[in-house]
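>>> Based on what follows, work out the 3D shape:
(chains A and B)
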Number of protein chains: 2
Amino acid sequence: MVAAQHEQGGKERILATARGLFNLRGFHQTSMAELASSAQVSVGQIYRLFKSKEDIISAIVEVDSGERRNEIAALRNRLCTGEIGVEEAFEHLFQGALADHEEALSFDILAEGFRSEPVGETIAALCGNLRPWLRDFACAANPDLGEDSLGDAEELILACMFGFGHRSLARPKLSAEATAKGAARMIVAALRGID
Amino acid sequence: MVAAQHEQGGKERILATARGLFNLRGFHQTSMAELASSAQVSVGQIYRLFKSKEDIISAIVEVDSGERRNEIAALRNRLCTGEIGVEEAFEHLFQGALADHEEALSFDILAEGFRSEPVGETIAALCGNLRPWLRDFACAANPDLGEDSLGDAEELILACMFGFGHRSLARPKLSAEATAKGAARMIVAALRGID
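Predicted structure coming up:
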């Protein structure tokens, strides 16, 4: 029990250190020796907990995907119980995407999604989970949407979420808050303007 | 003159080879020696034409940005002269974003945008060029849009363009054509539904 907790603590420390180093210098530019030195563990200890550097990035993606899934599930519940309206729900959805503070790391992860099967699968699974929930968001804005429009909405909302995660390279003029508010207003208008 | 042409040909061959290798294996995972061997030139010849590997990725981004800028400028002209309608213009705009066949490379480039100033500057300059044109697209859908709405539209359309460039990781259910058509319909509805 104590050993398992110790192992869990070690894993978390290595993941937190890896996250910082990968974001700053890049996943492929960071060696296991540098990671071990920054996390104050031995290289052997890292290899006892993770099979490879790819396994570390896979674990980071798993944690992030799980958190994001839980956040959006909670948001969907608040929308379905009427605690928040649909425009507010979209605003929070986009705020979550805009709040990505590790953008460089997130691009490394996405690139790795094409080159490492477990990373690609985790990203695909997250999107697969989100798709029906995004349809629920769209239906809350306009219950009369047909199947084709729901399919269009699913792709557009997902694209916005991916796109907002990368905005700092586009030198945005609006704050994250104003962007989320404006995008929510536009998406709801779009969903109500189609059928 | 002949020497300059020869140099240009060498540059283009190295860039085309680099593009393929970087997309397949990753920018940081490809060595100059591998690039030289694949492009059938010497490492010295690469260094006579490019200062560093970063300089090669910078050149790739410059070429791609220039092409994308020209495409969108041409599209804007076709919209302004009335050759195409606004929904068709957005459809072409999104098709261009969806047509990215080097997605893995594009993530490497975006990650590099945070770590290399010239790459970040080229991406920012492209977005800076596009912003007023995207406003023109938005005005063509609804000439009554106020300053705040134009600002919102600019950010949302840019986010869609970034997001559609990454869609294969999200395991899309619709074809690129259907996605571009659906997104254009929704964006025009959004622009007409706000003020």
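>>> Off-centre distance for the helix of greatest length in chain A?
If you go by DSSP state H, chain A has its longest helix at helix A:53-80. Mean C-alpha position of helix A:53-80 versus that of the full chain (Cα atoms, centre = their mean, to the nearest Å) differs by 6 Å.
>>> Can you confirm whether it lies near chain B?
No - using Cβ under 8 Å from any Cβ of the partner chain, helix A:53-80 never reaches chain B; the gap is at least 11.1 Å. To be clear about C-beta, it is placed using only N, CA and C from the backbone, and glycine gets the same treatment.
>>> Strands of chain A, residue ranges please.
For chain A, strands defined by DSSP state E do not occur.
>>> Find the nearest non-adjacent residue to residue A:50, please.
residue A:56 (5.0 Å; Cβ to Cβ, 6 or more residues apart in numbering or on different chains).
>>> tell me the mean pLDDT over the longest helix of chain A?
In this model, helix A:53-80 carries a mean pLDDT of 94.
>>> elements contacting that helix?
helix A:2-25, helix A:86-98, helix A:103-115, helix A:117-141 (3 or more Cβ pairs under 8 Å, 6 or more residues apart in numbering or on different chains; DSSP states H and E).
>>> Let's see that with 6 Å instead.
For helix A:53-80, the packing partners by 3 or more Cβ pairs under 6 Å, 6 or more residues apart in numbering or on different chains; DSSP states H and E come out as helix A:2-25, helix A:86-98, helix A:117-141.
>>> and the longest one with helix A:86-98, angle?
This points to helix A:117-141. Angle of helix A:117-141 versus helix A:86-98, following axes from the mean of the first three to the mean of the last three Cα atoms, to 10 degrees, is 160 degrees.
>>> and the angle from helix A:117-141 to helix A:53-80?
10 degrees.
>>> now what about helix A:117-141, what contacts it?
By Cβ atoms under 6 Å, 6 or more residues apart in numbering or on different chains, the residues outside helix A:117-141 that reach it are A:58, A:61-62, A:65, A:69, A:72, A:76, A:79, A:86, A:89, A:112-113, A:145, A:150, A:153-154, A:157, A:188, A:191, B:169-171.
>>> Now list the buried members of those residues.
A:58, A:61-62, A:65, A:72, A:76, A:79, A:86, A:89, A:112-113, A:145, A:150, A:153-154, A:157, A:188, A:191, B:169-170 (16 or more other Cβ atoms under 10 Å in any protein chain shown).
>>> separation between the residue nearest to residue A:98 when sequence neighbours are not counted and residue B:155?
Distances taken as Cβ to Cβ, 6+ apart place residue A:176 nearest to residue A:98, at 4.1 Å, with adjacent residues excluded. As for residue A:176, its distance to residue B:155 is 10 Å (criterion: Cβ to Cβ, to the nearest Å).
>>> More neighbours: these two, which one.
residue B:155 (26 against 17; other Cβ atoms under 10 Å in any protein chain shown).
>>> Go ahead and confirm the more buried one touches residue A:178.
No - at 8.5 Å, residue B:155 does not count as touching residue A:178 under the criterion of Cβ atoms under 6 Å.
>>> Could you chop chain A up by domain?
Here chain A is described, according to automatic domain parsing, as comprising the domains A:1-50, A:53-193.
>>> Lowest mean pLDDT across these, which one is that?
Minimum mean pLDDT among those: domain A:1-50, a mean of 90.
>>> Near the spatially closest residue to residue A:148 that is not a sequence neighbour, how many other residues are there?
Nearest non-adjacent residue to residue A:148, counting by Cβ to Cβ, 6+ apart: residue B:182, 7.5 Å away. Neighbours of residue B:182 under the rule other Cβ under 10 Å: 22.
>>> Please apply the same query to the one 10 residues further on.
Taking other Cβ under 10 Å as the neighbour definition, residue B:192 ends up with a count of 16.
>>> With residue A:16 instead?
12.
>>> Give the buried residues for stretch A:93-100.
A:93-98, A:100.
>>> Check stretch A:40-52 too.
Result for stretch A:40-52 [16+ other Cβ under 10 Å]: buried residues A:41, A:46, A:49-50.
>>> cool, stretch A:173-186 as well?
Result for stretch A:173-186 [16+ other Cβ under 10 Å]: buried residues A:174, A:176, A:179-186.
>>> again with stretch A:97-117
Buried, per 16+ other Cβ under 10 Å, within stretch A:97-117: A:97-98, A:100, A:102-114, A:116.
>>> again with stretch A:67-81
By neighbour count on 16+ other Cβ under 10 Å, the buried set for stretch A:67-81 is A:68, A:72, A:75-76, A:79.
>>> For it, output the C-alpha coordinates as CSV.
Extracted in CSV, the C-alpha atoms of stretch A:67-81 (Å, rounded to 0.1, in the frame of the first residue of the first chain):
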residue,chain,number,x,y,z
GLU,A,67,-9.6,16.0,-17.1
ARG,A,68,-11.1,17.6,-20.3
ARG,A,69,-13.7,14.8,-20.6
ASN,A,70,-14.8,15.3,-17.0
GLU,A,71,-15.0,19.1,-17.4
ILE,A,72,-17.2,18.8,-20.5
ALA,A,73,-19.4,16.1,-18.9
ALA,A,74,-20.0,18.4,-16.0
LEU,A,75,-20.8,21.3,-18.3
ARG,A,76,-23.3,19.1,-20.2
ASN,A,77,-25.0,18.2,-16.9
ARG,A,78,-25.3,21.8,-15.9
LEU,A,79,-26.8,22.6,-19.3
CYS,A,80,-29.2,19.6,-19.2
THR,A,81,-30.4,20.4,-15.7
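>>> Please identify the residues of chain A in proximity to chain B?
A:28-29, A:104, A:107-108, A:110-111, A:113-114, A:123-124, A:127, A:151-152, A:155-156, A:158-160, A:162-164, A:166, A:169-171, A:174, A:179, A:182-183, A:186, A:189-190, A:193-194 (Cβ under 6 Å from any Cβ of the partner chain).
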